[in-house]
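> Please find the sequence and the predicted model below.
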Amino acid sequence: MKFRLLILFNLLLVTSHFAMCQSPPQKSASVEKVWSQYIKYKEPAITNRFMKHAEMMPLIQKHVDSKFLTKEEIGESIQGRSINHLTAGKGEIKVMLWSQMHGDESTATMALFDLFNFLSASDENNELRKLILDNLELHFVPMLNPDGAQAWKRRNDLEIDINRDARMLVTPEGRALMGLAKKLQPEIGFNLHDQNYLYSSGRSKNSATISFLAPAYNYPKDMNAVRKRATQIILSMNKALQIKSPGNVAKYNDDFDPRAFGDTFQGMGISTILIESGGYYHDPEKQFIRKLNFLALLTAFESIAKGLYEMEDIKDYEIIPENETSLYDVFVKNVTITKEGQEFKTYIGVNRFQIKSTDNDGMTFAGRIAEIGDQELVYGYDEIDASGLKFTPAKIKTMTRAEWEKLNLQQELNLIKEGYLFVKWSDGKSPIGAIKNRLLNLTNNKENLVQVAGIGQNAHFLLTRDGKPVFAVVNGYKVDLSQPAKALINTVGY
């Protein structure tokens with residue numbers, strides 16, 4: 001009888017263990033609570049994506065002075081800007097995170113300073129931060145490419161892509177990162193980037209707001225214990241993100257590149273995770289995506305500290321859709337256009353191209369027609385079903401500068417309903433370039449240059465029914481004429 005009871009007890013233990021291993025980790029109540037209080041920790045000095053090295057350094061110093069972070073200069077950029085290694089925590093598991101090795105990819109840098117604020121605070125969330133700081137030794141390199149950040153460009157001042165310099169180590173920035181990795185020998189690494197906002201999560205209308213990759217360490221893309229751990233940590237983060245932004249997570253192509261730091265570090269035994277911040281509807285400054293980065297990293301820290309990621313089945317990684325190029329800013333379906341004497345129904349894809357300000361601390365946009373013709377499994381952040389509508393060139397309204405300056409948004413919308421998208425001043429030359437917080441463009445031309453739909457044309461046109469405008473596309477933005485007037489980020493002066 002005792003023998004049977006012993007067998008039964010052992011069976012129950014095995015069954016219980018198997019069930020535990022098969023059950024996915026539940027939503028973390030502690031991380032969820034921090035998410036709901038995120039505004040408390042969001043660094044108020046960072047209001048947009050264009051923070052420069054000189055603006056970052058006082059934020060670092062604030063945490064050094066408070067004794068939360070220790071700072072070590074591990075190198076200098078070509079132009080002499082410091083590359084800083086910051087350390088927090090006293091745990092046994094070493095985690096290294098580096099951001100902005102591409103100078104114009106700053107979303108994660110913003111989120112790191114939000115994390116510093118959270119981890120250095122003292123409040124009702126102390127249990128979570130104690131768990132993280134007692135179990136992890138966190139090493140940060142924010143803004144690895146400060147010269148690129150200064151010029152708001154991808155590459156460093158040598159015009160070399162730092163993330164393709166892991167093998168030759170030509171760049172001082174790349175040497176600094178490699179030197180730190182060899183010195184620390186961390187168990188886990190986070191390679192923090194931004195990607196094109198027009199990527200979608202699979203062939204869908206869902207933007208790839210966050211994309212992950214557990215990089216391959218060889219050409220066959222083998223899965224060893226190091227890469228498996230990276231994959232499992234990704235799955236922990238994916239579950240948290242799917243709650244807050246369902247359908248907006250994708251995974252990056254895992255083709256091996258021996259020049260890339262993620263692939264190289266994976267081969268060195270560092271479980272490396274690539275996080276790419278893409279696009280999200282009506283979030284051009286990536287402030288919601290910044291918050292998602294904060295959530296993903298905080299979730300990862302808790303998962304690593306508790307070992308929760310070990311419960312993840314790496315087969316689930318295959319379920320995450322891959323990045324696809326399936327999005328336009330505006331996708332116009334079933335529109336009738338007339339060109340070369342022919343009238344036909346088609347689709348028009350419109351994108352907004354980014355234009356840096358002269359001081360590299362802001363961005364304006366220029367809409368262009370990117371595609372005309374039949375398309376399959378393609379979507380838009382904004383879509384217009386133009387069935388029964390015609391592509392119609394807009395008119396130019398002549399008025400004085402004083403009349404233009406007195407126009408309110410409703411009056412501008414009323415002019416669009418009359419078929420106007422441009423204003424020409426009768427008493428002087430109007431400015432050329434971006435015009436912020438308006439609905440109409442300015443022009444010094446006598447005629448609208450956009451008369452027909454053409455690839456590369458400026459995206460200013462009307463969609464009309466029986467000659468009456470129903471929608472407008474102004475500088476690549478959709479304007480629904482049945483809705484209240486709302487200013488655009490920028491129109492354009494020609």
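Good, I have the coordinates. Source: prediction; values computed, not measured.

> domain assignment for the protein?
24-324, 327-493 (automatic domain parsing).

> Need these in JSON lines (columns: mean neighbour count and mean pLDDT).
Every C-beta, even on glycine, is put in place using the N, C-alpha and C of the backbone. Shown next, in JSON lines, are those (neighbours: other CB atoms under 10 Å; pLDDT from 0 to 100):
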{"stretch": "domain 24-324", "mean neighbour count": "19", "mean pLDDT": "97"}
{"stretch": "domain 327-493", "mean neighbour count": "17", "mean pLDDT": "97"}
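
> Is residue 463 in a helix, a strand, or coil?
strand (DSSP: H, G, I helix; E, B strand; the rest coil).

> which residues touch it?
332, 335, 384, 386, 389-392, 469-473 (CB atoms under 8 Å, 6 or more residues apart in numbering).

> how about a cut-off of 6 Å?
For residue 463, the contact set (CB atoms under 6 Å, 6 or more residues apart in numbering) comprises 386, 389, 470-471.

> when you check those residues against the strands, which ones overlap?
Within the contacts of residue 463, residues falling in strands by DSSP state E are 470-471.

> Can you say which two of the contacts of residue 463 are spatially most distant?
386 and 470 (8.3 Å; CB to CB).

> ok so residue 243 is a helix residue?
Yes: counting by three-state DSSP, residue 243 falls inside a helix.

> measure it to residue 28 for me?
Separation of residue 243 from residue 28 (CB to CB, to the nearest Å): 10 Å.

> which residues are in contact with both of those two?
By CB under 6 Å, 6+ apart, no residue touches both residue 243 and residue 28.

> I'd like the contacts of residue 463 written out as a markdown table, with distance to residue 227 added.
Shown next, in a markdown table, are these (distance: CB to CB, whole Å):
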| residue | distance to residue 227 |
| --- | --- |
| 386 | 47 |
| 389 | 51 |
| 470 | 53 |
| 471 | 48 |
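
> Let me see the ranges of the helices in the stretch 51-200 of the chain.
Assigned by DSSP state H, counting those that start in this stretch, the helices in the stretch 51-200 of the chain fall at 53-65, 107-120, 126-135, 146-151, 172-184.

> again but with the stretch 251-400 of the chain, I slipped
Under DSSP H, counting those that start in this stretch, the stretch 251-400 of the chain gives helices at 261-267, 287-306.

> Can you add distance to residue 33 and give these back as CSV?
Formatted as CSV, those follow (distance: least, CB to CB, whole Å):
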stretch, distance to residue 33
helix 261-267, 32
helix 287-306, 11
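
> Nearest residue to residue 105 in space, please, no chain neighbours.
residue 194 (3.6 Å; CB to CB, 6 or more residues apart in numbering).

> Distance to residue 370 added to the helices of the stretch 51-200 of the chain, as a markdown table?
Output for the helices of the stretch 51-200 of the chain, formatted as a markdown table (distance: least, CB to CB, whole Å):
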| stretch | distance to residue 370 |
| --- | --- |
| helix 53-65 | 34 |
| helix 107-120 | 24 |
| helix 126-135 | 44 |
| helix 146-151 | 26 |
| helix 172-184 | 34 |
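
> of all these, which lies closest to residue 42?
In terms of CB to CB, the element of the helices of the stretch 51-200 of the chain nearest to residue 42 is helix 107-120, at 5.2 Å.

> ok now that closest one, how far from the chain's centre?
16 Å (CA atoms, centre = their mean, to the nearest Å).

> what do you get for stretch 67-74?
27 Å.

> What of stretch 46-65?
20 Å.

> hey, which strand is longest across this structure?
Every strand in the chain considered (DSSP E), the longest is strand 342-356.

> Give me the contact list for that one.
By CB under 6 Å, 6+ apart, the list of residues contacting strand 342-356 reads 152, 328-336, 363-367, 369-373, 375, 459, 476.

> What strands line up against that strand, and which way round?
strand 327-339 (antiparallel), strand 363-372 (antiparallel) (DSSP bridges).

> Alpha carbons only: can I get the last one in CSV?
Provided in CSV are the C-alpha atoms of strand 363-372 (Å, rounded to 0.1, in the frame of the first residue of the first chain):
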residue,chain,number,x,y,z
MET,A,363,11.4,66.7,-38.8
THR,A,364,8.9,67.8,-41.4
PHE,A,365,7.2,65.7,-44.0
ALA,A,366,6.7,65.8,-47.8
GLY,A,367,4.0,63.5,-49.3
ARG,A,368,4.6,61.8,-52.6
ILE,A,369,2.7,59.3,-54.7
ALA,A,370,4.7,56.1,-54.3
GLU,A,371,2.6,53.6,-56.4
ILE,A,372,-0.2,53.5,-58.9
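
> And the contacts of it?
For strand 363-372, the external contacting residues (CB under 6 Å, 6+ apart) are 346, 348-355, 434, 453, 455-457, 459, 475-476, 490.

> Next: stretch 401-417.
Here stretch 401-417 has contacts from 397, 423, 425, 427-428, 439-440, 469, 472, 481, 485, 487, using CB under 6 Å, 6+ apart.

> Among those, which ones are in strands?
Using DSSP E, these in strands are 397, 423, 425, 469, 472.

> Name the nearest of those residues relative to residue 272.
residue 472 (46.7 Å).

> wait, what's in contact with that closest one?
416, 462, 479 are the contacts of residue 472 under CB under 6 Å, 6+ apart.

> quick check, the last one in a strand?
Yes: Residue 479 sits within a strand when classified using three-state DSSP.

> so it bridges to which residues?
Beta bridges link residue 479 to residue 472, judged by DSSP bridges.

> now it: how far from residue 417?
When residue 479 is compared with residue 417 (using CB to CB), they lie 10 Å apart.

> Check residue 185 too.
66 Å.

> And for residue 436?
22 Å.
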